[in-house]
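Asker: Give me the fold of what follows.
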Amino acid sequence: MKIRRTGKVAVTLMLAAGAFALLGQAVRYKPGDRVEVDVIMAGAPERGMWRAGTVKSLDAEAREVIVATDAATDNGGRKIGIPFQSAAKWLRPSAQPAPTTAPAAAEAPPRAPVPQAKAPAAGTPAAAPARPPAERPQGILACPIDQPKVAQGSRPDPQLLAKVIRCLFEVQAQQATERSIKVDIHSLEIGNSRDCIPREDFGCGLSGHKLFPALVRWTKTDYYTYSIQWSDNESVFNCFVNPFGKWECGLGQRIKDGRLQTRER
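Answerer: Take a look at the predicted model:
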């Protein structure tokens, strides 16, 4: 005897259709759309760090929009998942075209065979050997730094805050062939304290915790094997005492992002 399952199948189809309908209402983007994504997911758009990218997929199970940022403008590119419910806050349409890719190697014209190298004749100087990688830069902090315990609302020490802010970015490579990052702080001005606003201020903890804005002029330098890249920036960092009595800071506002400059090491 055959068992009819028409009712159960119909209910399943109706639920699936409803799920896709809700997905369409919550997210206005589709794979292939060009967007800008706030890669630090700031509490307010004016504090965001916006990078261009392309929507790759909509992950219904994780309820995320998967965006691949452009390699040229986001330090090599990466994939970021933005929750559906936050897509309106951390995603926006972009008019920037997708980056072009280099032609495939198979399309390149064939090259003439390279002649075999010969040993230099007597008295002829040999070719210079490849230069070794540059030494690792000095002065990078061993992060995280040790801190004395302080009470909520304490007035911060500028020298300590400078180290806490540097540790947001600084990396000491383990080998000379790996990238190191160093931050030089040229000035740091601490403003008047205010109450933190959860969901708007970066990681400030509980409502009522005192937040100290710090206006900082700083240079970020990336040390690669054979080159150095740096930019001069001006930003506001929000600093506060966490529940363990230690200072924490987060990027609150980007006032000026300097032009990225490069030179050989």
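
Asker: where are the low-confidence patches of this protein?
Answerer: 1-26, 42-47, 75, 101-133, 202-207 (pLDDT under 70).

Asker: make it 50
Answerer: For the chain, residues meeting the criterion pLDDT under 50 lie at 1-3, 6, 9-13, 15-22, 24, 102-108.

Asker: Leaving out the residues flanking it, which one is nearest to residue 134?
Answerer: residue 265 (4.3 Å; C-beta to C-beta, 6 or more residues apart in numbering). From N, CA and C alone the C-beta is placed, and that goes for glycine too.

Asker: what about that neighbour, distance to residue 175?
Answerer: Going from residue 265 to residue 175 by C-beta to C-beta, to the nearest Å gives 15 Å.

Asker: These two - which one has more neighbours?
Answerer: residue 265 (13 against 9; other C-beta atoms under 10 Å).

Asker: Residue 38 contacts residue 50, correct?
Answerer: Yes - contact between residue 38 and residue 50 holds when scored by C-beta atoms under 8 Å: they sit 5.7 Å apart.

Asker: Can you classify the closest residue in space to residue 86 that isn't next to it in sequence as helix, strand or coil?
Answerer: What sits nearest to residue 86 in space, not counting adjacent residues and going by C-beta to C-beta, 6+ apart, is residue 41, at 7.4 Å. The three-state label given to residue 41 by DSSP: H, G, I helix; E, B strand; the rest coil is coil.

Asker: Identify the residues contacting residue 41.
Answerer: 48, 82, 86, 90 (C-beta atoms under 8 Å, 6 or more residues apart in numbering).

Asker: Next, the third one: secondary structure please.
Answerer: With three-state DSSP as the basis, the three-state label of residue 86 is helix.

Asker: residue boundaries of the helices in the stretch 101-250 of the chain?
Answerer: Here the stretch 101-250 of the chain has its helices, by DSSP state H, counting those that start in this stretch, at 158-166.

Asker: contacting residues for residue 93?
Answerer: Residue 93 neighbours (C-beta under 8 Å, 6+ apart): 33, 34, 35, 36.

Asker: So which residues of the stretch 101-250 of the chain form strands?
Answerer: Using DSSP state E, counting those that start in this stretch, the strands found in the stretch 101-250 of the chain span residues 180-190, 194-195, 210-223, 227-241, 247-256.

Asker: For those, give me TSV that also has mean neighbour count and distance to residue 147.
Answerer: Below are the strands of the stretch 101-250 of the chain laid out as TSV (neighbours: other C-beta atoms under 10 Å; distance: least, C-beta to C-beta, whole Å):
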stretch	mean neighbour count	distance to residue 147
strand 180-190	16	17
strand 194-195	12	22
strand 210-223	19	15
strand 227-241	18	10
strand 247-256	18	6
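
Asker: Might you report the residue contacts of the spatially most central residue of the chain?
Answerer: Nearest to the mean C-alpha position of the chain, by C-alpha atoms, centre = their mean, lies residue 39 at 5.7 Å. Applying C-beta under 8 Å, 6+ apart, we find residue 39 in contact with 49, 50, 51, 69, 74, 80.

Asker: For the last one, which non-adjacent residue is spatially closest?
Answerer: This points to residue 80. Closest to residue 80 by C-beta to C-beta, 6+ apart is residue 67, at 5.1 Å.

Asker: And for the fifth one?
Answerer: Using C-beta to C-beta, 6+ apart and skipping residues adjacent in sequence, the residue nearest residue 74 is residue 51, 4.4 Å away.

Asker: swap in the second one?
Answerer: Leaving out its chain neighbours, the residue that sits closest to residue 50 by C-beta to C-beta, 6+ apart is residue 36, at 4.6 Å.

Asker: Partner strands of the helix or strand containing the one you found, with direction?
Answerer: Per DSSP states H and E, residue 36 falls inside strand 34-38. In the sheet, strand 34-38 lines up against strand 50-59 (antiparallel), strand 91-93 (antiparallel) (DSSP bridges).
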